[in-house]
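Student: Here is a sequence together with a model predicted from it:
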Amino acid sequence: MSSNNLITLNRWVLSDTHKDIGFKLELANLLSGIALACKITNNGIKRAGFEQNFGLAGITNVHSEDVKKLDIVANDAFKMALKSTREVFCMVSEEEDSIIPVPESQSGNFVVTFDPLDGSSNLDCNVSVGSIFAIWPKASTDHSFSNADVLRKGREMIAAGYALYGSATMLVLTLGQGVYGFTLDNSIGEFVLTHVEMRIKSKGNIYSINEGNSIYWDKATSEYVNAIKSGSNGRSPYSSRYIGSMVSDVHRTLLYGGIFMYPADSKSPNGKLRYLYEVGPLSFIMEQAGGKSSNGSTPCLDIVPNSIHQRVPVFMGSHDCVTELESFHQQHKK
Ligand code: AHM
Ligand code: MG
């Protein structure tokens, strides 16, 4: 990239690219807090081998999953960086049982939901992982919050994004006006705009699903996967790619096209992935890039979760791929 085109994340948020966005200054401040948390997390991952920070922390979280040491590093980084912006009203983290309060003296006008370190089962073998976040306007009119402040449909989000800690570290973001990607330039410690108005192909030929669960799938998922593998849908057989880190699998889907799936099955009746900080924000990104995200029949952004850690089935990616998948669900409803 030429040096006369150096746009940092902060400059981009404050720029005229998005004219109708309210509270731009507050959002810029909040996003710089999120970027800081992502840089701390990135640093923690890259240094984990030197600092004996791979492996388990010896506790389990609200989902009964084993917590990794780096899950704690990332969760603490997000909480600290977000609180210190003074823009946050309350937060939800994958790693915490309940809504995280912010002291009244530090409180602001946004609700932030986040998965501080997604795909952490891939950490110890150096496979790409990520962080996911969503920003919502505060709904409550006073300082006391309740579940109603966070149990909201995805369409109420004003911004969402993810950081991908891959061969390069990226932050991919939407403020509801397209999708933009920033790459971390380690030499200056800044996220710099590298991907302008990211769009997903309307069709793709890569499918991404944990096929080890196939004996538990319902008929719609089984028949759809058979169709795209065999070419019985009239297209060349698709390739299979599955990393097991949602951020990495969705990022590849965004760039190359295709479909990412984590369906409901007889073992996990609501799928595995959680709405407020996994499915919701990545669905917002996907729709803003021209793609589609569905639970098989309903756009994921129209779902209202019942609990802060609610799981939902998800199929997201190229518009035509997701529409075709939905037709299999439709047939099995009849
Ligand atoms: P995590 O947030 O505890 O890491 O779990 C979520 C991850 C996603 O990144 C990924 O899509 C999925 O779990 C993989 O699950 P599975 O191992 O069942 O295929
Ligand atoms: Mg996760």
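Tutor: Nice, thanks for sending it over. Ligands and ions are numbered 1, 2, ... in the order given.
Student: Leu25: neighbour count?
Tutor: Leu25 has 10 neighbouring residues, counting by other Cβ atoms under 10 Å. (C-beta placed from N, C-alpha, C; glycine too.)
Student: Just the pLDDT for the residue in the stretch 51-200 of the chain positioned nearest to ligand 1.
Tutor: Ligand 1 sits closest to Gly119 of the stretch 51-200 of the chain, with a gap of 3.8 Å, by Cβ to the nearest ligand atom. At Gly119, the predicted lDDT confidence score is 95.
Student: That one: how many residues sit nearby?
Tutor: Other residues close to Gly119 by other Cβ under 10 Å number 22.
Student: Ok, Arg199 next?
Tutor: Residue neighbour count, defined by other Cβ under 10 Å, stands at 12 for Arg199.
Student: Per-residue pLDDT of the closest residue to it other than its chain neighbours, please?
Tutor: In this structure, Arg199 finds its nearest non-sequential neighbour in Gly290, 5.0 Å apart by Cβ to Cβ, 6 or more residues apart in numbering. Gly290 is assigned 98 on the pLDDT scale.
Student: Please report the distance of Gly290 from Ser268.
Tutor: Applying Cβ to Cβ, to the nearest Å, the value for Gly290 to Ser268 is 29 Å.
Student: before we move on, the earlier item: for the residue of the stretch 51-200 of the chain closest to ligand 1, give its distance to His251.
Tutor: From Gly119 over to His251 (counting by Cβ to Cβ), the distance is 11 Å.
Student: what sits against the residue of the stretch 51-200 of the chain closest to ligand 1?
Tutor: Gly119 sits next to 127-130, 243-248 when contact means Cβ atoms under 8 Å, 6 or more residues apart in numbering.
Student: about what we covered before: any shared contact partners between Gly119 and His251?
Tutor: With Cβ under 8 Å, 6+ apart as the test, Gly119 and His251 both reach Gly130.
Student: what's the burial count for the single nearest residue of the chain relative to ligand 2?
Tutor: Taking Cβ to the ion, ligand 2 has its nearest neighbour within the chain at Asp118, 3.6 Å off. Neighbourhood size, Asp118 [other Cβ under 10 Å]: 28.
Student: my guess is it meets Gly130, correct?
Tutor: Yes - Asp118 is within contact range of Gly130, at 5.0 Å (criterion: Cβ atoms under 8 Å).
Student: Could you tell me which residues touch both of those two?
Tutor: Counting by Cβ under 8 Å, 6+ apart, the contacts common to Asp118 and Gly130 are 162, 245-247.
Student: filter those down to the ones near ligand 2?
Tutor: Taking Cβ under 5 Å from the ion, there is no overlap between the shared contacts of Asp118 and Gly130 and the neighbourhood of ligand 2.
Student: Between all of these, which two are separated the most?
Tutor: Largest separation among these by Cβ to Cβ: Tyr162 and Ser245, giving 10.4 Å.
Student: Compare neighbour counts for these two and give me the winner.
Tutor: Each of Tyr162 and Ser245 has its neighbours counted (other Cβ under 10 Å); Tyr162 has more, 27 against 23.
Student: The more buried one: helix or strand, and which one exactly?
Tutor: For Tyr162, the element it lies in under DSSP states H and E is strand 159-165.
Student: So that strand, near ligand 1 or not?
Tutor: No - Strand 159-165 does not reach ligand 1 (Cβ under 6 Å from any ligand atom); its nearest approach is 10.6 Å.
Student: Partner strands of that strand and their direction?
Tutor: Sheet pairing for strand 159-165, assigned by DSSP bridges, gives strand 129-137 (antiparallel), strand 169-174 (antiparallel).
Student: Turn those strands into CSV, columns for mean pLDDT.
Tutor: Formatted as CSV, the strands paired with strand 159-165 follow (pLDDT from 0 to 100):
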stretch, mean pLDDT
strand 129-137, 97
strand 169-174, 98
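Student: Adding distance to Glu278 and mean neighbour count, write those out as TSV.
Tutor: Shown next, in TSV, are the strands paired with strand 159-165 (distance: least, Cβ to Cβ, whole Å; neighbours: other Cβ atoms under 10 Å):
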stretch	distance to Glu278	mean neighbour count
strand 129-137	6	26
strand 169-174	15	24
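Student: Make TSV from those and add distance to ligand 2 to it.
Tutor: Shown next, in TSV, are those (distance: least, Cβ to the ion, whole Å):
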stretch	distance to ligand 2
strand 129-137	7
strand 169-174	16
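Student: so can I have TSV of those strands showing distance to ligand 1?
Tutor: Compiled in TSV, those are given as follows (distance: least, Cβ to the nearest ligand atom, whole Å):
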stretch	distance to ligand 1
strand 129-137	8
strand 169-174	15
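Student: Pick the one among the contacts of Gly119 closest to Ile259.
Tutor: For the contacts of Gly119, the nearest to Ile259 is Met246 (13.4 Å; Cβ to Cβ).
Student: Excluding residues flanking it in the chain, which one is nearest the closest one?
Tutor: Leaving aside its chain neighbours, Met246 sits nearest to Asp118 (5.6 Å; criterion: Cβ to Cβ, 6+ apart).
Student: That's all I had, so thanks and see you.
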